[in-house]
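**Student:** model this:
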Amino acid sequence: MTASAAMAAPLLAGTPAGAAPNQPTDLLYIGTWGQGQVYAVRFDPDDGTMTSLGSVAQVSSNWVTTHPTRPILYVAGSEQGGYIRVFRIDDTSGGLQQLDEIETEPVPTGSGGLSYLGLTSSADTLLVADFAAGSAATVPVHPDGSLGAVASLVQDTGSGPSPRQLGPHPHYAVVDPSRRYALVADFGADRVFVYDYDPATHRMSVGTPDGPGSFATAPGSGPRRLAFHPNGRTAYLLNELTADIQVLRWDARHGELTSRQTLSTNSVDHTGATSAAELAISCDGRHVYTSNRGENALVVFATDPATDLLTEIQRIPCAGVTPWSFALHPSGRWLFVANEASGTVNLFQVDRKSGHLTDTGTSVAVPYPDCIAFRTRTGTRGSAHS
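**Tutor:** The predicted model follows:
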């Protein structure tokens, strides 16, 4: 579990065609499912224009995320072993230069690789979900954005009734606002596992002899994404297989989740495949956004200011096919949708007062896009879990 360059993949660095030096715009980095490439897009948040920079790295990219203040991109691979590659971003050209590579699994298990990477709010720890191995890990992040050795590795347990749930499959990991717990949404186990977390050592652990705490979802629901309300008292959980969203009370004193409300993201006349994919909450906590792959739709909910409970306020086509992921721009004015099957990243405008989305009709072509991360002109981060 130490840094190694032995399996480094070739990459394309330098200045992509069409890049404009010193242009005051943002950069989007887009992972591509099964394509072994990272694409870049230049975005002007003032007028909502996107310019494709093409492929900027040839590397397996199940998930990408950026450092909030450093020009660093982290890329999760699909190979066995849980590989994470670290790239330096050229803000002028959008090009990438690989700096490092680490392996998070001491004994490679399964196939499909990592499903998620995310930074803690202080950007001092990288949280890793390994779907294939059924485990989650933490990796210290140095002030310059480089990675240390793996600090902790925990193994989930359990299974579900779906053929896709034969064992644990972590899909997401996040540290709670109190920074005392790390929560892992496990698609395969129908659980949200609650591990103890120590910010000083960057470690998560089971905490008690009986193992980690957990919140059980309905059998066959397939937990996929979890987001905390800014008030720290409520968490929203999106289940992939049942395509519903749950409102959960969060007790930070005891590390416990309690169900309060469950709403479907399917329309009332839904037929056919059922699959929810992405979840995000606005910075002010007033609106929650989800994507529904079974209906190729985005579904917007308003939060009650007194109770944090949800009310559906909009259902809109995603402007493509299979909205695998989406990302809210840090400004709160824009939402980008990675439509995996149609091969496009589509831009929606966000009304920050009402929460409603409007399809701008603007898009760029990207083969099988699966996630989006931002490098903004001010250096702040945005990604699908914003």
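**Student:** which residues of the chain score low on pLDDT?
**Tutor:** Scanning the chain for pLDDT under 70 picks out 1-24, 108-112, 378-386.
**Student:** For the helix or strand harbouring M50, C-alpha coordinates in PDB please.
**Tutor:** Element membership of M50 [criterion: DSSP states H and E] is strand 49-57. Provided in PDB are the C-alpha atoms of strand 49-57 (Å, rounded to 0.1, in the frame of the first residue of the first chain):
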ATOM      1  CA  THR A  49     -20.300  28.500 -22.600                       C
ATOM      2  CA  MET A  50     -18.400  25.200 -22.800                       C
ATOM      3  CA  THR A  51     -15.400  24.400 -25.000                       C
ATOM      4  CA  SER A  52     -14.100  20.900 -25.200                       C
ATOM      5  CA  LEU A  53     -10.300  20.400 -24.800                       C
ATOM      6  CA  GLY A  54     -10.600  16.700 -25.600                       C
ATOM      7  CA  SER A  55      -8.800  13.900 -23.900                       C
ATOM      8  CA  VAL A  56      -6.000  15.100 -21.500                       C
ATOM      9  CA  ALA A  57      -5.000  11.800 -19.900                       C
END
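**Student:** May I see the buried residues of stretch 270-284?
**Tutor:** 274-282 (16 or more other CB atoms under 10 Å). Heads up, the C-betas are built off the backbone N, CA and C, glycines and all.
**Student:** so how far is that stretch off the chain centroid?
**Tutor:** 13 Å (CA atoms, centre = their mean, to the nearest Å).
**Student:** ok, now stretch 208-226?
**Tutor:** With CA atoms, centre = their mean, you get 18 Å for stretch 208-226.
**Student:** Which two among the buried residues of stretch 270-284 are spaced furthest apart?
**Tutor:** Using CB to CB, the buried residues of stretch 270-284 span at most 25.7 Å, a distance reached by T274 and S282.
**Student:** give me the beta-bridge partners of V174?
**Tutor:** L183 (DSSP bridges).
**Student:** Could you list which residues are in contact with it?
**Tutor:** 118, 127, 182-183, 226-228, 385 (CB atoms under 8 Å, 6 or more residues apart in numbering).
**Student:** Quick check: of those residues, which lies closest to L357?
**Tutor:** So of those, ranked by how close each gets to L357 (CB to CB), first place is A227, at 17.3 Å.
**Student:** so the closest one touches I281, yeah?
**Tutor:** Yes - between A227 and I281 there is a contact at 4.8 Å, judged by CB atoms under 8 Å.
**Student:** what is in contact with the two at once?
**Tutor:** Residues touching both A227 and I281 (CB under 8 Å, 6+ apart): 236, 288.
**Student:** And what about the closest residue to F228 other than its chain neighbours, helix, strand or coil?
**Tutor:** The shortest distance from F228 to any non-neighbouring residue, by CB to CB, 6 or more residues apart in numbering, is to A235 (5.2 Å). The assignment at A235 comes out as strand when based on DSSP: H, G, I helix; E, B strand; the rest coil.
**Student:** and A235, how many residues sit next to it?
**Tutor:** 24 (other CB atoms under 10 Å).
**Student:** beta partners for it?
**Tutor:** F228, L248.
**Student:** Can you report how many residues neighbour G207?
**Tutor:** 15.
**Student:** what about it, which helix or strand?
**Tutor:** With DSSP H and E as the test, G207 turns up in no helix or strand.
**Student:** quick one: contacts for it?
**Tutor:** 195-196, 213, 255.
**Student:** Which of the residues you listed ranks first by neighbour count?
**Tutor:** Most surrounded of these: other CB under 10 Å gives Y195, at 25 neighbours.
**Student:** Now that residue. Its backbone dihedrals?
**Tutor:** phi -100, psi 150 (degrees, to the nearest 10).
**Student:** If anything else comes up later, I'll come back, but that's it for now.
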